[in-house]
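> here's my sequence, what's the structure:
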Amino acid sequence: MTLSVDLECPIDRENYERLWRLIAYYSSVPAHLQRERIQRRTWVMIESTNTSRTVLSAIVGSVEAPYSSPDNRVSVSSEGQLVIKAVSHSDTGIYYCIAKVHGDLAILPFRLTVEESSSPPPGENNSSPPIEGFAGDPVSLPCMASGSPDAEIHWILPSSNIVSFKTNSSRVLVYSNGTLQIPQGQLSDSGSYKCIAINQHGVDTLATKVTITRRTGTIRPLRKFPTRPQSASGVNTKIKVVYGGDLKGEPTPVITWMSPTNRVISSSSDKYQVLNDGTLVVYKAQRFDGGNYTCTARNNAGQDHRVIRVEVLVTPPVINGFRGTTNTIRVTAIRDQRKMVDCAAKGIPTPRVMWVLPGNIILPAPYYSSRMTVHSNGTLDIRSPKRTDTGQLACIARNEGGEAKLMINLDVKEVVERPQIRGPKTDSMSLTVGNVMTLNCSYEGNILPHVTWILPNGTPMLSGARLSKFYHRPDGSLIITNPSVSEAGMYRCLGRNSAGLVEHTITLFPGKKPEISNRYTSPVSVMNGESIWLHCLSSGEPLRLTWTLPSGVILSRPQRAGRYTVLSNGTLAIQQASVYDRGSYVCRAGNEYGSSLLSVPVVVIAYPPRITNGPPSVTYAKRGVAVQLNCIAAGIPRAEVAWETPDKNRLAVSTQPRLFGNKYLHPQGALIIQNPTQRDAGYYRCTARNAIGVDSKATYLNVF
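Numbering: from 1, shown residues only. Model (predicted):
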């Protein structure tokens, strides 16, 4: 009786939980292993993150990890794993795992009982019929067991490795029902496989012999070859004659291809290529490349072959989507402007394209010249079309499937300029109620456009049309008779010719009362005698503009009345203002929608006269000696100065000196008496007078 026991005892310093793993290797004698308080445990693990040195002891006698007996039957690894090989009844007993960490101690007992099987799980016969397979194919070995409690299934491989449902290897699988499968058999997998069923009461085994042999040379496609012929498309394309094939054999077979003419195909040439997976590629397939291609696989064990039929498909040409030879289109070109005419030909194989010009001039694709080019895609490029190019052109495409023709009627026209609007593209006008309005719409260009007016309600009006208040004149203008507020809105003038469309927009907005744009924030001050200009600038084209004077007189625009003038721009001019012109002037601008007012207060600056340098009340003069009597006055407006003599004569001061007998009157107001005598004695009075008031001073002249 031999039995190997593998016990693991890792340590976790924090909680000292213990999980155990038990693996038994059986030879022929059943055995029963049991641990205290843990039933039917086969694996128990503990993870330890403690980096301190851990002392592990396994009591077999008394040993410290690591340990190995002289006969290598009992060993303890540094991780705390106790292994007992070839167990016998004498190994029955209690085993302790003791862990010490920095004085802390933990003990975990384990009872091992080795006994004869009392109720082994019944299995199938101890040996099953041998199984044969081929290299590369899957191999399955069933092993069904029953027992109470349920048995666990283990497999011993020819290499002595043990696998189970929980411990599958990379090349061998064990399913939950006990079946062992080798997905891809190899020659080295041949040998004896032993299935072991174990429960608490015993063990049963089943041996199976497996033989893996090489397969003879053959072609085994993973997918079926197509039942219909494969299609190939045209020149400069390639056909994969075989695809999806899986060639297998021991030894690796040699692949040979035969063409439809029963000639061996070279592995690499301009026409054919054999890929590593056996696929045959046919380049630039033509109709004569169709037929039966034979693939042969050979090795020392034999050969196999497959026949593939290839049919090269041919489709007639199509030009710009048109089929046949009776297709015609119309193309327009502008003189001296580059024109490109498409001729996109499609078909299998790719069609050959050529152009036939008037006069039976043939241009193949590609073709290059200074004025005309035929590109490789068939497009005709005319760099500078002339009127003489007008006529019928033909694009012809041919291949093995037939011919297609597209007739083009080319019309070369003179340059047509897009119409240009005179003035801005958008404009706005104020609607004048009751007055005829004219909306102009003028265009420039060598070819005048057709003009259409679109009313605000969307109604179009062609040239010459009349509708209610509207008339579209032949010159393009729109007349609106007796307009009202309902005619306000956006009017669109559309000019169109063959070169394009332009639009001119005029918006009529309802009239409103005029607004006076200037304002006076303070009274207008002017010196007496100066001129005054009072502005009244209005917007909205007022129908009426008037000025009301402080005296109540109303002046209209334009009007002149004495010193008052109303200019055409609404300004009121007052010449030589006096104190009588002071007061409020009111400007009124109005139309049918209302009126606006502007009030301007005017202040005329004036002071009453005051004699600032006059004669004393009594003046003494010597006979024969000249005497001067001063009289200087100030005032606004300027005061008029005059002297009254004792004989009641009045001498007025002027801008020029004046002489009255022996009396000289200076322009500044001074009176000079030359050679005075007793006849000159008496009262002299100086008087200063203006529009505001008067001032005077008198003196008595004594002559001695």
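> ok, Pro109 - how many residues close by?
For Pro109, the count of nearby residues is 13 (other Cβ atoms under 10 Å). Where C-beta positions appear, they are placed from N, C-alpha and C, glycine not excepted.
> mind listing the residues bridging to it?
Taking DSSP bridges, one finds Tyr96 as the beta-bridge partners of Pro109.
> right, and it touches Tyr96 too?
Yes - in this structure, Pro109 is within contact of Tyr96 by Cβ atoms under 8 Å, at 5.3 Å.
> is Thr388 in a helix, a strand, or coil?
For Thr388, the assignment made with DSSP: H, G, I helix; E, B strand; the rest coil gives helix.
> domain ranges for the protein, per the record?
The chain is divided into the following domains under automatic domain parsing: 3-112, 131-213, 218-313, 315-413, 420-509, 515-605, 607-703.
> mean pLDDT added to those, as JSON lines?
Compiled in JSON lines, these are given as follows (pLDDT from 0 to 100):
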{"stretch": "domain 3-112", "mean pLDDT": "53"}
{"stretch": "domain 131-213", "mean pLDDT": "86"}
{"stretch": "domain 218-313", "mean pLDDT": "69"}
{"stretch": "domain 315-413", "mean pLDDT": "91"}
{"stretch": "domain 420-509", "mean pLDDT": "84"}
{"stretch": "domain 515-605", "mean pLDDT": "89"}
{"stretch": "domain 607-703", "mean pLDDT": "91"}
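> output stretch 257-274 as PDB - backbone C-alpha positions only.
Extracted C-alpha coordinates of stretch 257-274, given in PDB (Å, rounded to 0.1, in the frame of the first residue of the first chain):
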ATOM      1  CA  TRP A 257      -2.000  23.300 -59.300                       C
ATOM      2  CA  MET A 258      -3.000  22.400 -62.900                       C
ATOM      3  CA  SER A 259      -4.400  25.000 -65.300                       C
ATOM      4  CA  PRO A 260      -7.500  24.300 -67.500                       C
ATOM      5  CA  THR A 261      -5.100  23.400 -70.300                       C
ATOM      6  CA  ASN A 262      -3.600  20.600 -68.000                       C
ATOM      7  CA  ARG A 263      -0.300  22.400 -67.500                       C
ATOM      8  CA  VAL A 264       1.500  22.600 -64.200                       C
ATOM      9  CA  ILE A 265       1.200  26.100 -62.800                       C
ATOM     10  CA  SER A 266       4.500  27.700 -61.600                       C
ATOM     11  CA  SER A 267       4.400  28.800 -57.900                       C
ATOM     12  CA  SER A 268       5.200  32.400 -58.900                       C
ATOM     13  CA  SER A 269       4.900  34.100 -62.300                       C
ATOM     14  CA  ASP A 270       3.400  37.200 -63.900                       C
ATOM     15  CA  LYS A 271       0.100  35.400 -64.400                       C
ATOM     16  CA  TYR A 272      -0.100  33.000 -61.400                       C
ATOM     17  CA  GLN A 273       0.900  33.000 -57.800                       C
ATOM     18  CA  VAL A 274       0.500  30.100 -55.200                       C
END
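> for it, buried residues please.
Applying a neighbour-count criterion of 16 or more other Cβ atoms under 10 Å, one finds 257-259, 265, 272-274 buried in stretch 257-274.
> what does stretch 564-575 give?
564-566, 570-572, 574.
> cool, and stretch 283-291?
Using 16+ other Cβ under 10 Å as the test for burial, stretch 283-291 gives 285, 289-290.
> please apply the same query to stretch 550-567.
So for stretch 550-567, counting by 16+ other Cβ under 10 Å, buried means 555, 557, 564-566.
> quick revisit: could I get the buried residues of stretch 564-575 as CSV with secondary structure?
Formatted as CSV, these follow (three-state DSSP):
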residue, secondary structure
Tyr564, strand
Thr565, strand
Val566, strand
Gly570, coil
Thr571, coil
Leu572, strand
Ile574, strand
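> any idea which of the residues you listed is closest to Leu141?
Gly570 (119.8 Å; Cβ to Cβ).
> residues contacting the closest one?
By Cβ atoms under 8 Å, 6 or more residues apart in numbering, the contact set of Gly570 is 535-538, 545, 557, 587, 589.
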